[in-house]
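Undergrad: got a predicted model here, sequence first, then my questions.
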Amino acid sequence: MKSNRKINLLKLISLFIILLFLTIYISACSNGDSSSSDDSQVLYTLPQDHRFHYDEKYQNTNYMEWLYFTGIVNDTVSNNLYGYQVNIFMVYSEEIGDFGYKTDIAISDVSGDKYYFNSFITLNDPTLTTENGETIWTYSDDGIYIRHNETSDIWEVSTNSQQTGENGFQIDVTLTNTRKNYLPETINGIIDMGECSLGNIDNMLGLSYYYTHPCMTTTGQLQIGSSSIDIKGSTWFDHQWGNFQQCPSNWDWFSLRFDDGSELMLFNFNKEGDNEEPVPEKRVATYFASDGSVKYWNGASAFSLTPMRDYLSPSVNKTFRIEWLLETPVGDFYVKPYIDEQVAIDEEDPYYEGIMEVRSGSADGPVVGKGYLETSFSN
């Protein structure tokens, strides 16, 4: 009996040490610098969570979900640079008592110095089928087709701008998971989307689940007018969902993709309105190292950012901040657009989303990568 009590005591001590270690580790992670190579399988159920979510707690007007693809690709013949964007937004309408969808698509033609954009409402719900023993999730409607083979983890994304002539464009790409993986954008996989967040995962008010694949291998074709361009490169995939429209806010989002094979995500929030008052305690930074490890920072000390140039868009008569100096834990970077006019002309709320050049330290520093900027603040 004494021997059993001794063994049980040792087990309790061991358990206490493990719990103490976890408490210290989680506390350290929540206060800034942390490192982890775990992927989103720890926090989410994949591939199921790649799909849209229809839970009862999301059936309210605070709900928002999006699948977000921003690709940086080159012409396989001329090496000309392009950016592309494909987003599907899902929201809940209490008026019709159901979910609805909106799609934004765009191409940034760097050598042609031109930006193409269109947006349309889509109505069909996704389907889930089995083909030759493989599970297939498909979203298809006028202007867009997304097919995810959940067994092989291959995404096929096709869009048609539904425009004709020289302004018409199409995106047809295949995305494969050959490097890195789906990774949480915070240490717990959930992000506060504004200052009014209640921090309650039971109702997700003001909160969003958020994971990323920062570098999906990309091949396919772009079509601009009558020109077809074979392309290859990499795509950043984002997936967010939650009742975060509870906290309306403006934000500045950066995905920097460095030439050394690493990536950096920065998320900065501002209070909604024209005063541009920041909410620095909500800032999030995530660094995906080239060796696959991940580091997280959050709060006012995560990074600092300084807008360096404003741009008045003639298409919407609004001003956006499009050049930035970013001071981060992994270096200082200057980002500026390859094309100034990259404005998504949303009828209710236009926003800026475009391909950026990334330089080290200053506007005349060496080029160290490329990236995407999304900023919803304008005046």
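TA: Yep, it's here.

Undergrad: just give me the longest strand of this protein.
TA: strand 207-224 (DSSP state E).

Undergrad: export whichever helix or strand comes after that strand as PDB, just CAs?
TA: Once the chain leaves strand 207-224, the next helix or strand it forms, by DSSP states H and E, is strand 227-242. Output of strand 227-242 as PDB, limited to C-alpha atoms (Å, rounded to 0.1, in the frame of the first residue of the first chain):
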ATOM      1  CA  SER A 227      -4.900  37.500 -73.700                       C
ATOM      2  CA  SER A 228      -4.300  34.200 -71.900                       C
ATOM      3  CA  ILE A 229      -1.300  34.000 -69.500                       C
ATOM      4  CA  ASP A 230       0.100  30.800 -68.100                       C
ATOM      5  CA  ILE A 231       1.300  31.500 -64.500                       C
ATOM      6  CA  LYS A 232       2.900  30.000 -61.500                       C
ATOM      7  CA  GLY A 233       3.700  31.200 -58.100                       C
ATOM      8  CA  SER A 234       2.300  31.100 -54.600                       C
ATOM      9  CA  THR A 235      -1.100  31.900 -52.900                       C
ATOM     10  CA  TRP A 236      -1.800  33.000 -49.400                       C
ATOM     11  CA  PHE A 237      -5.100  31.400 -48.100                       C
ATOM     12  CA  ASP A 238      -7.000  32.900 -45.200                       C
ATOM     13  CA  HIS A 239     -10.100  31.500 -43.500                       C
ATOM     14  CA  GLN A 240     -12.000  33.500 -40.800                       C
ATOM     15  CA  TRP A 241     -15.400  33.000 -39.200                       C
ATOM     16  CA  GLY A 242     -17.300  34.400 -36.200                       C
END
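
Undergrad: show me what counts as buried in strand 227-242.
TA: 229, 231, 233-242 (16 or more other C-beta atoms under 10 Å). C-beta: built from backbone N, CA, C; applies to glycine.

Undergrad: could those go into CSV alongside distance to Tyr334?
TA: Output for those, formatted as CSV (distance: C-beta to C-beta, whole Å):
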residue, distance to Tyr334
Ile229, 29
Ile231, 27
Gly233, 22
Ser234, 22
Thr235, 24
Trp236, 20
Phe237, 26
Asp238, 23
His239, 29
Gln240, 27
Trp241, 33
Gly242, 33
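
Undergrad: residues contacting the most centrally placed residue in the chain?
TA: Centre of the chain computed as the mean C-alpha position; nearest residue by C-alpha atoms, centre = their mean is Asp238, 3.3 Å away. By C-beta atoms under 8 Å, 6 or more residues apart in numbering, Asp238 lies in contact with 66-70, 185, 210-212.

Undergrad: kindly report the same for Asp104.
TA: Going by C-beta under 8 Å, 6+ apart, the list of residues near Asp104 reads 85-87, 89, 117-119, 344, 346.

Undergrad: what do you get if the cut-off is 10 Å, keeping everything else the same?
TA: 66, 68, 85-89, 117-120, 159, 344-346, 351, 353 (C-beta atoms under 10 Å, 6 or more residues apart in numbering).

Undergrad: quick one: which of those residues sit in helices?
TA: Using DSSP state H, no member of the contacts of Asp104 falls within helices.

Undergrad: among the residues you listed, name the buried ones.
TA: Judged by 16+ other C-beta under 10 Å, buried ones among the contacts of Asp104: 66, 68, 85-89, 117-120, 159, 344, 351, 353.
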